[in-house]
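Trainee: what follows is a predicted protein model with its sequence.
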2 protein chains.
Amino acid sequence: MVVRMATMSDGNVDAIFHALADTTRRDIVTRVIAREQSVSSLASEYAMSFAAVQKHVAVLERASLVVKQRRGREQIVHADPATIERARLLLEHFETLWRHRAEAIDRILAEDPEH
Amino acid sequence: MVVRMATMSDGNVDAIFHALADTTRRDIVTRVIAREQSVSSLASEYAMSFAAVQKHVAVLERASLVVKQRRGREQIVHADPATIERARLLLEHFETLWRHRAEAIDRILAEDPEH
DNA sequence: CATTCGCACAACCATTTGGTTGTATATTAT
DNA sequence: ATAATATACAACCAAATGGTTGTGCGAATG
């Protein structure tokens, strides 16, 4: 039986990293983690059109990093704890991988200082 | 005096996340962490042209996640420990941010179970 | 009711991306 | 010297990105 690591091979991993590959979007995530805000409230922080910020939020939404929740005539953007934890685990996996490799290199260097 | 957090605001953070936002590229990183390989060796693993894989490696190279080193007529791709550590710290920062927020939420829920 | 506010959505545009094929160059093998 | 290998690089293409403006529509305010 082949065990497929769902968390690592899922297609939306692409979406998560892609969503984080933009300064504005990382900033939006940081802001809404600190305090949930309406889309227009977010938009007022950036030197670009409302529609542009709206699109950025949509990208984050596709990656499930944020969720929108209607409140009156406003749309409140807040961080999605579940996906954020998923992303964290994802990144932790890479970290572990890299750390193991780094330790292996250290071990080799420690064993043979001339090579 | 304004202290600028170099690791977080640098422009190549975009490049790092973008580089990781593709299944093939994440796979390349994983492979070369495990064992450094030539570009053609990598290319043989995927159902796409050599040039396409070459481009993927170039993207990873721009993000400094991998480094190429000529050996004979081959170009050996290996992971760059320095940038990988940088990426790890970067992700750890987000993790911390999110964890703090999660703790804050937990605290609120614990204080007021009805709200 | 009329207006304003917050948002959705479409159309448009320039640039980038991820892929292709084709050509050129350097290195190794025969 | 010739052939085969490994790579670089350019040109091309369809699709996606990141931005714009404009239009419409439901909700709140006067």
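Mentor: Now that the structure is in, tell me what you want to look at.
Trainee: all helices for chain A, in order.
Mentor: In chain A, the helices defined using DSSP state H lie at A:6-9, A:12-20, A:23-34, A:39-43, A:50-62, A:81-111.
Trainee: can you give me the angle the last one makes with helix A:50-62?
Mentor: If I follow you right, that is helix A:81-111. 70 degrees (axes from the mean of the first three to the mean of the last three Cα atoms, to 10 degrees).
Trainee: can you report how many residues neighbour A:Arg70?
Mentor: A:Arg70: 8 surrounding residues under other Cβ atoms under 10 Å in any protein chain shown. All C-beta spots, glycine's among them, are computed from the backbone N, C-alpha and C.
Trainee: what count of nearby residues applies to the residue lying closest to it once chain neighbours are set aside?
Mentor: Spatial nearest neighbour of A:Arg70, chain neighbours left out: A:Ile76 (7.6 Å); criterion: Cβ to Cβ, 6 or more residues apart in numbering or on different chains. If you count neighbours by other Cβ under 10 Å, A:Ile76 ends up with 16.
Trainee: tell me the contacts of A:Ile76?
Mentor: By Cβ atoms under 8 Å, 6 or more residues apart in numbering or on different chains, the contact set of A:Ile76 is A:Glu36, A:Gln37, A:Ser38, A:Lys68, A:Gln69, A:Arg70.
Trainee: got the contact list for the residue in chain A that DNA strand C sits nearest to?
Mentor: DNA strand C sits closest to A:Ser40 of chain A, with a gap of 2.7 Å, by Cβ to the nearest atom of the strand. For A:Ser40, the contact set (Cβ under 8 Å, 6+ apart) comprises A:Phe50, A:Glu74.
Trainee: distance of the nearest residue to A:Asp22 once chain neighbours are set aside relative to B:Arg62?
Mentor: Of all residues not flanking A:Asp22 in the chain, B:Asp14 sits nearest, at 6.3 Å (Cβ to Cβ, 6+ apart). Note on B:Asp14: its distance to B:Arg62, by Cβ to Cβ, to the nearest Å, is 10 Å.
Trainee: then A:Ala34?
Mentor: For A:Ala34, the distance to B:Arg62 - Cβ to Cβ - is 31 Å.
Trainee: next one: A:Val29
Mentor: Distance from A:Val29 to B:Arg62, by Cβ to Cβ: 23 Å.
Trainee: what do you get for A:Arg88?
Mentor: 26 Å.
Trainee: who has more neighbours out of these two?
Mentor: The neighbour count for A:Arg88 versus B:Arg62, taken as other Cβ under 10 Å, is higher for A:Arg88 (18 against 14).
Trainee: I figured the more buried one hits B:Phe94, correct?
Mentor: Yes. A:Arg88 is within contact range of B:Phe94, at 7.4 Å (criterion: Cβ atoms under 8 Å).
Trainee: ok, A:Trp98 touching B:Ala79?
Mentor: Yes. Counting by Cβ under 8 Å, B:Ala79 is a contact partner of A:Trp98 at 7.3 Å.
Trainee: okay, and the common contacts of these two?
Mentor: Taking Cβ under 8 Å, 6+ apart as the criterion, A:Trp98 and B:Ala79 both touch B:Ile33.
Trainee: neighbour-wise, which of these two wins?
Mentor: It is B:Ala79, of A:Trp98 and B:Ala79, that has more neighbours when counted by other Cβ under 10 Å, with 24 against 19.
Trainee: with adjacent residues omitted, what lies nearest to the more buried one?
Mentor: Closest to B:Ala79 by Cβ to Cβ, 6+ apart is B:Ile33, at 4.8 Å.
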